[in-house]
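[1] model the structure of this input:
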Amino acid sequence: MRQTTYDTETDVQDRAILVSLVTPNIKRGSGDPEHSLQELVNLAETAGVEVLTSMTQNKEKIDTKWFIGKGKVEELRAAAEELGATTAIFDQELSGAQVRNLEEALDMKIIDRTQLILDIFAQRAKTREGIIQVELAQLSYLLPRLSGHGKNLSRLGGGIGTRGPGESKLETDRRHIRDRITDLKHTLEEVVRHRTLHRERRRKSGVQQVALVGYTNAGKSTLLRELTQADVYIENQLFATLDPTSRNLKLPSGMEVILTDTVGFIQNLPHDLIAAFRATLEEVCEADLVLHIIDGSSVMREEQIAVVERILGELGAADKPQLMIYNKIDLCGLDGPQLLPANGPGTLAISAYNGNDLQRLLEAVQEKLVGATRTFALPADRGDLIALAYRTGEVLGQDVEGDHLILRIRLNKQDYEVHGYKLEDYLLNP
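    Predicted structure coming up:
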């Protein structure tokens, strides 16, 4: 096997050519290839890579040896020599054998979309939990590919694809790596146990939880900051938030809930990453309400919505009560907001920087969690119904009309759904 000559031990900026393969199967599974390639550009720039150019290869099926075909590999080699590229980043996931073959033919670092995303997460992980989750995802990804990757995976500080576990934890002895994966999984089990205890405490105290979910860079962290004055990292880049953040949020009624920001989703999010971050993402499954934050200014918003909904389904959170929040309407232009869905019981179009919009959002959250305010006319001699009314909500006012007691109630949604149907025949403002 020919030794690679590219330098992996100096922390220099990678200069990359991006490569995308388009086959009928890939197109069906991943949606718009042009959008995916543009997203790869954003991912590469987020990772600190200088993107020199991109190329696309259309084929009927994947080349099992070269992925893009021998002819395209020669074209890529010529472009790399002309431009001085040090790295080729592929928009799809490569097998270990394909990486090995491409490295030998091109004499440059080969990275695929999954490894690039994992690398960004390795850069961003700050908490112990986040670092553990990223390392677990990296090792799970690398284990079946150890024979495929070149020496770039055994060094630290060599640019993208080399951050994270490092040489001591990427030994070629697979048994050691499997042992490390087992240890990390046990550590995460402890994280799950602690999270479960915290959730049980919250349940007992009656505190409800609201989770922010959405495509990466949709504005979730900005909303968290504007709603709670949280000191969180805000940046116009992919995966600006990795570690989840929870803050108290006061609703117009004075009720307090827990608002949790979560990691953003993305097209073709690595399965190993979803598995490693399941402990964190379980917060979404346990939430009383999910706020699906959408970048209303994105031309790909429908595709991004579909990606988020699919991942929520994989997590088992598809049936959670949900509000669709179209954010960034201030970036939509004059006609943009008119092209968004109309505001309604499950949909809002807002700007995170508009105070009136934030107030409308808080009221919508409150109605979803607590329920709307309703007025009932209850027979004065029905003490059981009157007591039930007091149990299923907050009585805001009362009056007497003849032999009826008129109660204006802010309903407790959960209690009302269990018992409140008994009051429905006495509703004055259905």
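[2] quick one: secondary structure of Ala352?
    State at Ala352, reduced to three classes by DSSP: H, G, I helix; E, B strand; the rest coil: coil.
[3] tell me the pLDDT at it?
    Per-residue pLDDT puts Ala352 at 92.
[4] what's the neighbour count on it?
    22 (other C-beta atoms under 10 Å). All C-beta spots, glycine's among them, are computed from the backbone N, C-alpha and C.
[5] give the contact list for it.
    219, 222-223, 226, 327-328, 358 (C-beta atoms under 8 Å, 6 or more residues apart in numbering).
[6] mind checking how far it is from Glu286?
    As judged by C-beta to C-beta, to the nearest Å, Ala352 and Glu286 stand 25 Å apart.
[7] show me where the stretch 201-350 of the chain has helices.
    Along the stretch 201-350 of the chain, the stretches classed as helices by DSSP state H, counting those that start in this stretch are 220-228, 271-276, 278-286, 301-315.
[8] quick one, which of the ones you listed is packed in tightest?
    Mean neighbour count (mean count of other C-beta atoms under 10 Å) peaks for helix 220-228 among these, with a mean of 21.
[9] by contact count, what packs against it?
    Counting contacts by 3 or more C-beta pairs under 8 Å, 6 or more residues apart in numbering; DSSP states H and E, helix 220-228 packs against strand 209-214, strand 245-250, strand 256-261, strand 289-295, strand 322-327, helix 355-370.
[10] hmm, 6 Å instead?
    strand 245-250, strand 256-261 (3 or more C-beta pairs under 6 Å, 6 or more residues apart in numbering; DSSP states H and E).
[11] export those as TSV, with columns for mean neighbour count, mean pLDDT and distance to Thr187.
    Formatted as TSV, these follow (neighbours: other C-beta atoms under 10 Å; pLDDT from 0 to 100; distance: least, C-beta to C-beta, whole Å):
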stretch	mean neighbour count	mean pLDDT	distance to Thr187
strand 245-250	16	87	21
strand 256-261	21	89	21
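[12] those strands in the protein, which residues are they?
    15-22, 50-58, 87-90, 109-112, 209-214, 245-250, 256-261, 289-295, 322-327, 347-349, 373-379, 393-401, 404-411 (DSSP state E).
[13] is the residue lying closest to Leu259 once chain neighbours are set aside bridged to anything, and to what?
    Nearest residue to Leu259, sequence neighbours excluded (C-beta to C-beta, 6 or more residues apart in numbering): Leu249, at 4.2 Å. With DSSP bridges applied, Leu249 shows beta-bridge pairing to Val257.
[14] over to Thr87?
    Ala16, Lys109.
[15] what is the burial count for Lys61?
    10.
[16] ok, now which ones touch it?
    Lys61 sits next to Thr23 when contact means C-beta atoms under 6 Å, 6 or more residues apart in numbering.
[17] now do the phi/psi pair for it.
    phi -150, psi 170 (degrees, to the nearest 10).
[18] could I get the contacts of Ala352 as JSON lines with pLDDT?
    Supplementary listing: the contacts of Ala352 in JSON lines, determined by pLDDT from 0 to 100:
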{"residue": "Gly219", "pLDDT": "89"}
{"residue": "Thr222", "pLDDT": "89"}
{"residue": "Leu223", "pLDDT": "92"}
{"residue": "Glu226", "pLDDT": "92"}
{"residue": "Asn327", "pLDDT": "94"}
{"residue": "Lys328", "pLDDT": "92"}
{"residue": "Leu358", "pLDDT": "95"}
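[19] determine which two of these are furthest apart.
    Lys328 and Leu358 (13.6 Å; C-beta to C-beta).
[20] how far away is the residue nearest to Leu259 from Arg408?
    For Leu249 relative to Arg408 (C-beta to C-beta), the value is 25 Å.
[21] one step back: with distance to His198 added, can I get the strands of the chain in a markdown table?
    Shown next, in a markdown table, are the strands of the chain (distance: least, C-beta to C-beta, whole Å):
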| stretch | distance to His198 |
| --- | --- |
| strand 15-22 | 42 |
| strand 50-58 | 42 |
| strand 87-90 | 39 |
| strand 109-112 | 37 |
| strand 209-214 | 10 |
| strand 245-250 | 9 |
| strand 256-261 | 10 |
| strand 289-295 | 18 |
| strand 322-327 | 23 |
| strand 347-349 | 29 |
| strand 373-379 | 32 |
| strand 393-401 | 27 |
| strand 404-411 | 28 |
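[22] and these: which comes nearest Phe121?
    strand 109-112 (14.0 Å).
[23] figure out how far the closest one is from the centre of its chain.
    24 Å (C-alpha atoms, centre = their mean, to the nearest Å).
[24] give me the mean pLDDT for that strand.
    93.
[25] going forward, begin numbering at 17 instead of 1
    Happy to do that; since the first residue is 17 now, the last one works out to strand 125-128.
[26] that strand packs against which elements?
    Against strand 125-128 (3+ C-beta pairs under 6 Å, 6+ apart) you get strand 103-106, helix 112-122.
[27] these: which one's closest to Gln139?
    Of these, nearest to Gln139 by C-beta to C-beta is strand 103-106, at 15.5 Å.
[28] my guess is Ala153 contacts Ala292, does it?
    Yes: checked against C-beta atoms under 6 Å, the pair Ala153 and Ala292 is within contact range at 3.9 Å.
[29] roughly how far does Ser221 sit from Leu275?
    Ser221 is 16 Å from Leu275, by C-beta to C-beta.
[30] returning to what we had before: distance to His192 for the helices and strands packed on helix 236-244 - can I get that in CSV?
    Formatted as CSV, the helices and strands packed on helix 236-244 follow (distance: least, C-beta to C-beta, whole Å):
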stretch, distance to His192
strand 261-266, 34
strand 272-277, 36
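[31] nearest to Leu110 among these would be which one?
    strand 272-277 (32.3 Å).
[32] quick one: the helices in the stretch 17-166 of the chain, in order.
    40-46, 49-62, 86-99, 112-122, 129-140, 144-158.
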